[in-house]
Every structure is written in C-alpha cells, then in structure tokens.
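Undergrad: Below is the structure, and that's it, no one-letter string:
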C-alpha cells in the first residue's frame with residue numbers, strides 16, 4: 001500500500017485506519033514498511049503501525065502534512081491454527097445460518113419475521129439431527145448391527161471379533177454392540193459442543209461499545225439493524241441454541257439405540273418388564289425432544305441492547321438431561337436378550353426419509369414466508385425476489401444429505417469389499433435405500449448445473465463482443481489493439497457474471513428440491529435401491545438408472561475423498577488453511593443466529609475492535625479519522641461506523657473500495673444492507689466515498705442511482721479506468737495490468753478521494769471533547785482511550 005496522503009491544511013492530527021479484505025494481509029504489506037509494531041490487540045486480531053509512527057500522538061508536529069496510517073489485521077480470526085480444518089465438517093451449518101440473514105425487509109410484519117426465524121432455526125436443527133443420524137448409521141447400523149452380526153463380514157476384521165456372535169462373548173448381543181457403538185456419535189456431538197463452546201467464549205463474549213438504549217430498536221422498524229447496540233453480541237442466544245442442539249444430538253443417538261431394543265421387546269417376545277421399560281424410555285425421549293423444540297422456537301435474537309444474561313437452567317440442565325436419557329437408553333439396550341439377533345438393516349432406517357420430508361416442508365414454508373415479506377416491501381435489487389433465504393436453506397439441506405450419504409456409502413462399500421450396497425450380492429444389507437436414491441439423482445443435477453454453466457458462458461461471450469466498441473471509446477486517441485480490447489472486454493463481461501449468481505442458485509435449488517422429492521418418493525414406494533427397482537423395465541431405462549446409481553455413488557465417494565484430503569492438508573499446511581479461511585471470510589461474517597455449531601462469527605470480534613478503536617482515538621485526541629476498507633473489510637468498516645455514537649461518527653469518514661456492500665450483501669441480505677439501510681448510513685455518515693471498477697467481479701457501486709439531497713455528496717466514484725493506460729506510453733512503457741478487484745491504491749483517484757474526505761471532516765472545537773454523548777456512560781466523557789476492550793489486550 002502506498003504512503004498515506006497529505007493531511008488537510010488545518011493542521012489537526014489525522015488517522016487512517018486500514019482494514020483488509022478476504023484472504024488476509026500482513027501489517028508490513030498494508031503499511032508499506034517492514035518495520036511495524038502492534039499498538040493494541042492480541043495474536044488473533046490487532047492494530048499495527050509503522051515503528052516510526054508508534055508515538056505519533058506525542059509528536060503531532062511531525063504529522064502536519066500527513067495523517068498517521070494504522071492497519072487492522074483480522075485474518076487469523078478465520079485462518080488460524082490447524083484446528084480450523086475441522087470447520088470443513090460444519091459447512092452445511094454455516095450455509096443454513098446464512099439463510100437466517102437473507103430474509104426480506106420486515107417493516108410492520110414482526111410476527112412474520114419471527115416465523116421466518118423459527119423456520120430457519122428448525123431447518124438448522126434438522127441438520128444437526130441429520131449429521132448425528134449419519135454417524136449412527138455408520139457406527140450402529142453398518143458396523144455394529146450388520147457387519148459385526150455377519151460372520152462373513154466380521155471374520156476378516158479382527159477388530160470386530162469380540163463383537164461377533166460367533167465368538168459368543170459378552171459384547172456379542174445386538175443391544176450391547178449398539179450401546180458400545182453409540183459412543184462414536186455421542187463423542188461427535190460432544191466434539192461439536194466443545195468447538196462451539198470454545199469459540200463462543202472467544203467471539204460472542206466480546207463486549208460491544210456501551211451506548212444508551214432506545215426501546216424502539218426492539219422492532220424491525222425504521223432504524224438500521226446493524227446500528228443496534230446488541231447486534232454483535234449474541235452470547236445468550238448461541239448458548240441456548242448450543243444446549244438445544246447438543247441435546248438433540250444425544251437424543252438422536254439414544255433413540256437409535258433404544259428404538260431397536262424396544263421393537264424387539266414388543267414384537268419378538270421380550271419380557272413384560274423390558275417392554276414397559278422400552279415404552280417409558282421412548283416416552284422420556286419424546287419429552288426431551290419436545291423440550292428441545294420449545295427452546296429452539298421460544299426465543300430469537302435480542303438486538304436492542306447487549307444481553308449478558310444466560311438461561312442457566314436451559315444451558316445446563318437440557319444437555320445434562322439428554323445425556324442422562326442416553327445413559328438410560330444404553331443400559332436398557334444392554335440388558336441381556338439371549339434370543340435377539342441382528343438381521344438386515346437396523347430398525348428405524350426410515351428416519352432418514354422423515355428427516356428429508358421435514359426439511360422439504362420447512363423449506364417450502366420458509367419460501368411462503370419470505371414471499372409474503374417481499375410482497376409487502378418489494379425491492380428490485382433483492383436476489384430471487386426475496387427467495388434467496390429458502391434457496392440457500394435448500395442447498396444447506398442438500399449439502400448435509402450429500403455429506404451424510406457419502407460417508408455411509410463409502411463405509412458400506414468398504415465393509416462390503418467393494419460390492420454395491422443394497423444390490424443383494426454382498427455380505428451386508430447396506431445403508432437405507434433412500435441414500436442410494438439420493439446418490440442416483442446427483443448426475444441429473446450435475447447435468448442441469450453444467451447446462452446452466454454453458455448457457456452463462458455463451459452469454460458472457462456475446463456480452464464481451466458487445467463491449468468491444470465501448471472499450472475502444474473509453475480510450476480515445478489510442479491505436480486499436482484487438483487482443484488488448486478483447487482482454488479488457490472479457491474482464492468486464494466476466495465481472496458481470498456476478499449478477500447471474502441469483503439465477504444459478506435459484507434454478508439449482510429448485511431442481512434439487514424436485515429431485516429430492518422424487519428420490520424420497522421412489523425410496524418409499526419401492527423399498528429398493530434404484531438399480532433393483534428398475535429391474536423389469538425397458539432395458540434403456542434400467543441401464544440408465546443403474547448407471548446413475550453407480551455414477552452417483554462414485555461421485556459421492558470422490559467428493560468424500562477430496563473432502564478428507566483437503567481437511568488433512570489444511571491441518572498440516574498453513575497455505576491450504578488460509579484458503580479455507582477465505583471461504584469462511586465470506587460465510588461467517590454473520591452471527592450464529594440459527595445454528596450454534598456453525599463456524600464462529602468473526603465480525604463479533606472485529607466490529608467491536610474497530611468501534612472501540614475509532615471511538616477511543618477520536619475522543620482522546622479530538623483528531624479526524626478515515627476508515628478505509630477493501631472488499632470484505634469495507635463491510636466490517638461500514639458495520640463498525642454504524643455502531644459509533646453520533647459524536648464519534650462526526651469525526652469519522654468512510655472510504656470503501658472494491659466493496660460488495662450493495663452488489664452482494666445488498667442483494668442477498670436486503671433487510672440489513674438493502675437500499676434503505678445503505679441510504680440511512682449515507683445520511684449518518686456524509687463523508688463517504690466508494691471506488692469501484694467495471695472489471696471487479698466483487699465490488700460495485702453501493703448506492704446506484706442515488707439522488708442526493710442538497711448539501712450531500714454522492715457516495716460512488718466510478719467506474720474507474722482499468723487498466724489505467726491502454727497501450728505503452730513514455731510514462732508507463734510496460735503494459736499495464738487489468739487489476740480487477742485488487743490494487744485500488746494504485747489508482748490516482750484513491751489518494752485524491754482519501755485526501756478530500758479528511759478535508760471535509762469538521763474541525764474539532766476546543767470544548768467539543770467535553771460533549772455529553774461520549775461513548776460509555778451517557779453524559780460522561782472518556783478520560784482514557786478505550787483502545788483495549790475486554791479480551792483484546794495485547
């Protein structure tokens with residue numbers, strides 16, 4: 001990054017606070033100096049300065065002609081140690097959490113907004129149950145029930161010998177095998193609880209900047225949601241949801257174990273006492289499930305103020321009660337039943353169908369609710385006419401199904417010595433037939449996706465051809481170069497593909513819903529895998545179905561292997577871990593409002609960091625500050641400015657470049673970054689400029705078509721020329737690159753606009769520092785800069 005621009009002539013101390021985008025950046029790279037020092041923060045996120053500028057406040061005379069540059073580095077919030085590789089298994093949870101924030105604006109429809117939140121939380125809960133059920137399918141059904149119960153499958157595997165009925169050992173009874181295998185999915189649930197609890201202490205527990213409370217902020221009404229004091233403090237809700245999802249996972253394991261034993265006791269002549277115990281156990285499990293649903297549906301987010309309370313009865317008693325029921329179920333299943341043997345699949349294999357049906361119904365209900373919200377306040381820029389949230393929720397369910405089915409299919413293939421599960425020619429029965437049907441619909445889905453990709457590619461080529469004349473007109477007086485013109489036009493046409501993303505997501509989600517419904521109907525109607533169900537049909541149909549099943553199983557296996565390989569590499573390789581961190585930079589900006597096991601929200605640490613730094617520095621020095629954010633950093637910068645009290649906001653200017661505020665966030669998250677909230681931010685922060693390029697696939701104008709009132713300046717500055725020079729010149733003898741989303745600082749407009757923002761900030765009167773609305777207790781001025789908020793001191 002080039003050196004800071006000169007400060008205005010009024011001589012006040014000025015500060016530039018730089019915030020990088022996705023993928024991270026080093027302090028040396030951001031400040032243009034290898035010698036840097038940490039001013040405040042810790043090893044995870046911190047503010048840095050050049051070593052020469054560390055004591056700038058003590059020598060303001062040195063900075064009369066330039067502001068002091070600072071860099072806020074937050075990349076380790078998403079790409080830190082090797083444990084972050086475990087976040088890969090949380091991908092469906094992260095996608096489901098995004099659906100919560102994609103709802104349309106809900107002004108005047110508080111009940112519908114609450115319904116939308118409840119439906120998304122139920123979708124998220126179903127994903128937890130699905131993941132746990134998949135672990136039960138592998139450990140309980142495939143290994144403990146089918147393989148350990150078959151002499152042909154267990155014989156070549158010595159590690160299963162003590163479970164085999166042929167050995168006649170204590171563990172050979174089916175109930176005891178199930179009780180022992182249940183430790184695997186229970187341990188997985190415990191791991192998810194541990195990860196969520198650890199990140200909850202580091203992210204959701206960060207204290208926001210204290211401000212006064214306006215009770216009107218409780219409604220989804222006129223005030224911007226991101227400006228509410230409790231928006232970035234989700235400690236209470238995440239703790240409740242973590243308890244509920246942990247209990248749901250443990251109850252799922254208990255139901256899988258106890259259900260098989262209870263069915264034997266009722267149908268195959270178990271003792272009357274055991275039958276009564278089975279009914280009692282299942283009744284207690286139903287009560288526990290009702291308690292989980294009540295906790296998930298009862299309370300949503302509270303954003304009007306930071307809510308530090310914890311529902312200790314829910315947080316503590318619900319998981320412990322579920323753990324107690326699991327122990328009870330294991331003891332019940334482990335009771336001696338000499339006549340019990342395991343044949344076929346584990347009873348309860350229809351649970352996957354019930355989960356799939358419930359997810360489909362929830363997605364449809366969510367779509368109806370989102371449509372009602374959008375119809376009340378339609379906005380032309382909203383993706384998929386308000387149906388972005390349901391579409392993303394459908395993709396989250398599909399991801400969960402593919403991951404669950406992939407694990408089960410691969411384990412079944414391994415145990416069956418390479419045979420095709422469910423085809424009746426192996427040593428085990430295989431996983432539930434629904435998983436094979438879901439694998440069989442993957443090839444048709446890929447055909448649709450590839451067809452869409454081909455259509456978009458053709459449209460891009462046609463658009464590039466139309467742009468050729470426009471590119472030449474942008475560089476008058478230059479000698480035409482066909483290759484150069486095609487390259488610039490191609491970059492602009494490719495960048496425009498971002499506008500096509502909603503259509504791609506919408507069509508893919510709709511096709512996924514239809515194919516999923518077809519797979520469920522086929523599985524329930526035939527009770528056979530697709531290859532067996534197609535026997536007797538026309539040879540062309542039968543071969544096509546068998547090919548789809550085999551190819552789908554192969555694709556799931558390939559995806560599972562790539563998934564495991566990527567996670568293993570990310571655990572050992574910092575560069576691969578950083579790539580995963582880039583994905584989370586985009587997906588984990590939002591708080592965990594729907595799924596507590598999703599990767600943590602880094603903005604709940606970054607936004608308070610930036611807010612405390614800006615408010616503290618301006619209060620202590622009375623100086624002017626421009627916060628400069630690139631790409632995802634511009635979203636963090638805008639969110640932090642929203643959180644500032646009015647007194648501090650008057651001393652702060654906002655410079656964004658390559659910003660997805662409107663192009664991505666405004667379209668997909670209209671209730672929070674739609675035209676209304678962004679226009680409100682402009683009214684509150686008049687000193688705001690946004691730089692963008694036509695070749696940038698991510699950034700764009702934030703207020704397109706904005707009609708500013710008298711005395712206000714337009715926000716957007718662009719499109720900037722890219723490349724700056726068409727051909728070779730004496731000043732630039734080498735060809736200039738097409739920069740796209742990077743190196744905005746290389747454009748001369750960057751320095752000009754940053755300097756102009758600092759000039760526009762109002763001078764600070766000598767008595768202004770004693771104004772009554774300083775951050776902290778209303779009516780009191782901070783006597784010390786809050787540079788180190790709790791938990792962030794270096």
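TA: Sure, I can see it. Values in this document were obtained by computation on a predicted structure and should not be read as measured data.
Undergrad: shaky segments in this structure?
TA: Filtered on pLDDT under 70, the chain yields the residue ranges 1-11, 79-87, 211-223, 269-270, 418-425, 564, 567-583, 706-712, 763-794.
Undergrad: Distance from the chain centre to the helix or strand containing residue 131, please.
TA: Using DSSP states H and E, the element containing residue 131 is helix 110-136. Here helix 110-136 is found 15 Å from its chain centre; the criterion is C-alpha atoms, centre = their mean, to the nearest Å.
Undergrad: Please enumerate the strands of the stretch 501-650 of the chain.
TA: With strands called from DSSP state E, counting those that start in this stretch, the stretch 501-650 of the chain shows them at 624-630.
Undergrad: coming back round to it: run the chain-centre distance for the helix or strand following the helix holding residue 131.
TA: Under the assignment DSSP H and E, the closest C-terminal helix or strand after helix 110-136 is helix 151-154. Relative to the centre of its chain, helix 151-154 is centred 43 Å away, using C-alpha atoms, centre = their mean.
Undergrad: buried stuff in helix 151-154?
TA: Residues 153-154 are the ones in helix 151-154 that count as buried (16 or more other C-beta atoms under 10 Å). C-betas here are computed from N, CA, C, even on glycine.
Undergrad: likewise stretch 24-35?
TA: Neighbour-count burial for stretch 24-35, counted by 16+ other C-beta under 10 Å, picks out 24-25, 27, 30-31, 33.
Undergrad: Farthest pair within those residues?
TA: Among the buried residues of stretch 24-35, the pair separated by the greatest distance (C-beta to C-beta) is 24 and 33, at 18.0 Å.
Undergrad: Which single one of the buried residues of stretch 24-35 is nearest to residue 189?
TA: When these are compared for distance to residue 189 (C-beta to C-beta), residue 24 wins out at 32.2 Å.
Undergrad: can you tell me how far the closest one sits from residue 126?
TA: Distance of residue 24 to residue 126, computed by C-beta to C-beta, to the nearest Å: 34 Å.
Undergrad: who's in contact with residue 665?
TA: By C-beta atoms under 8 Å, 6 or more residues apart in numbering, the residues touching residue 665 are 635, 672-673.
Undergrad: all strands for the protein, in order.
TA: Per DSSP state E, the chain carries strands over the ranges 14-19, 36-41, 46-50, 68-73, 624-630, 652-657, 688-693, 716-720.
Undergrad: residues in contact with the third one?
TA: It refers to strand 46-50. Residues outside strand 46-50 that contact it (C-beta under 8 Å, 6+ apart): 17, 27, 30-31, 33, 35-41, 56, 68-73, 609, 613, 787, 794.
Undergrad: List only buried entries from those residues.
TA: The neighbour-count test (16+ other C-beta under 10 Å) applied to the contacts of strand 46-50 identifies 17, 27, 30-31, 33, 36, 39-41, 56, 68-73, 609, 613, 787 as buried.
Undergrad: circling back to that earlier point, want to throw the contacts of residue 665 into TSV with neighbour count and distance to residue 702?
TA: Shown next, in TSV, are the contacts of residue 665 (neighbours: other C-beta atoms under 10 Å; distance: C-beta to C-beta, whole Å):
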residue	neighbour count	distance to residue 702
635	26	10
672	22	14
673	26	9
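Undergrad: Switch those over to CSV; also include distance to residue 336.
TA: Shown next, in CSV, are the contacts of residue 665 (distance: C-beta to C-beta, whole Å):
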residue, distance to residue 336
635, 61
672, 58
673, 62
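Undergrad: Just the ones in helices from those residues, please.
TA: The helices, defined by DSSP state H, take in 635, 672-673 from the contacts of residue 665.
Undergrad: Give me the neighbour count for residue 527.
TA: Residues within reach of residue 527, counting by other C-beta atoms under 10 Å, total 11.
Undergrad: quick one: it and residue 434 touch, right?
TA: No: with contact defined as C-beta atoms under 8 Å, residue 527 does not count as touching residue 434 (10.0 Å).
Undergrad: if we can go back for a sec, what's the closest of the strands of the chain to residue 703?
TA: Of all those, strand 716-720 comes closest under C-beta to C-beta, at 6.1 Å.
Undergrad: and the closest one, which strands flank it?
TA: If you go by DSSP bridges, strand 716-720 pairs up with strand 688-693 (parallel).
Undergrad: Give me the residues contacting the strand it pairs with.
TA: Taking contacts as C-beta under 8 Å, 6+ apart, the residues outside strand 688-693 that touch it are 495, 634, 653-659, 661, 681-682, 699-703, 713, 715-720, 722, 739-741, 744, 747, 749-750, 753, 756-757.
Undergrad: any idea how far that strand is from the chain center?
TA: Distance of strand 688-693 from the chain centroid (C-alpha atoms, centre = their mean) equals 26 Å.
Undergrad: who touches residue 292 in this structure?
TA: The contact partners of residue 292, by C-beta under 8 Å, 6+ apart, come to 125, 244, 247-248, 251, 318, 322.
Undergrad: at 6 Å what do you get?
TA: Residues counted as contacts of residue 292 (C-beta atoms under 6 Å, 6 or more residues apart in numbering) are 244, 247-248.
Undergrad: Number of residues surrounding the residue nearest to residue 511 when sequence neighbours are not counted?
TA: Leaving aside its chain neighbours, residue 511 sits nearest to residue 448 (5.1 Å; criterion: C-beta to C-beta, 6 or more residues apart in numbering). Counted with other C-beta under 10 Å, residues neighbouring residue 448 total 15.
Undergrad: And for residue 341?
TA: For residue 341, the tally of surrounding residues (other C-beta under 10 Å) stands at 13.
Undergrad: Need phi/psi at it.
TA: Main-chain torsions, residue 341, degrees, to the nearest 10: phi -130, psi 160.
Undergrad: Report the separation between it and residue 332.
TA: Distance, residue 341 to residue 332, using C-beta to C-beta: 18 Å.
Undergrad: before we move on, what about residue 524?
TA: 30 Å.
Undergrad: ok, the two, which is more surrounded?
TA: Higher neighbour count among residue 524 and residue 332: residue 332, with 22 against 14, using other C-beta under 10 Å.
Undergrad: Please verify my assumption that the more buried one contacts residue 277.
TA: Yes: with contacts counted by C-beta atoms under 6 Å, residue 332 reaches residue 277, the gap being 5.5 Å.
Undergrad: give me every residue that touches the residue nearest to residue 321 when sequence neighbours are not counted.
TA: Sequence neighbours aside, residue 288 is the residue nearest to residue 321 in space, at 6.5 Å (criterion: C-beta to C-beta, 6+ apart). Neighbouring residues of residue 288 by C-beta under 6 Å, 6+ apart: 251, 322, 325.
Undergrad: Let me know the closest of the residues you listed to residue 470.
TA: Out of the contacts of residue 288, the member with the shortest distance to residue 470 (by C-beta to C-beta) is residue 251, at 61.0 Å.
Undergrad: Hmm, that closest one is touching residue 322, no?
TA: Yes: using C-beta under 6 Å, residue 251 is in contact with residue 322, at 5.2 Å.
Undergrad: show me the contacts for residue 491.
TA: With contacts defined as C-beta under 6 Å, 6+ apart, residue 491 is in contact with 695, 738.
Undergrad: For the stretch 651-794 of the chain, which segments count as helices?
TA: Here the stretch 651-794 of the chain has its helices, by DSSP state H, counting those that start in this stretch, at 667-668, 670-673, 675-684, 748-760.
Undergrad: Check whether residue 463 really touches residue 493, as I assumed.
TA: Yes: if you go by C-beta under 6 Å, residue 463 and residue 493 touch, sitting 4.4 Å apart.
Undergrad: Of those two, which one has the most company?
TA: Higher neighbour count among residue 463 and residue 493: residue 493, with 21 against 16, using other C-beta under 10 Å.
Undergrad: Excluding residues flanking it in the chain, which one is nearest that one?
TA: Of all residues not flanking residue 493 in the chain, residue 464 sits nearest, at 4.0 Å (C-beta to C-beta, 6+ apart).
Undergrad: before we move on, what about residue 437?
TA: Distances taken as C-beta to C-beta, 6+ apart put residue 519 closest to residue 437, at 3.9 Å, once the chain neighbours are dropped.
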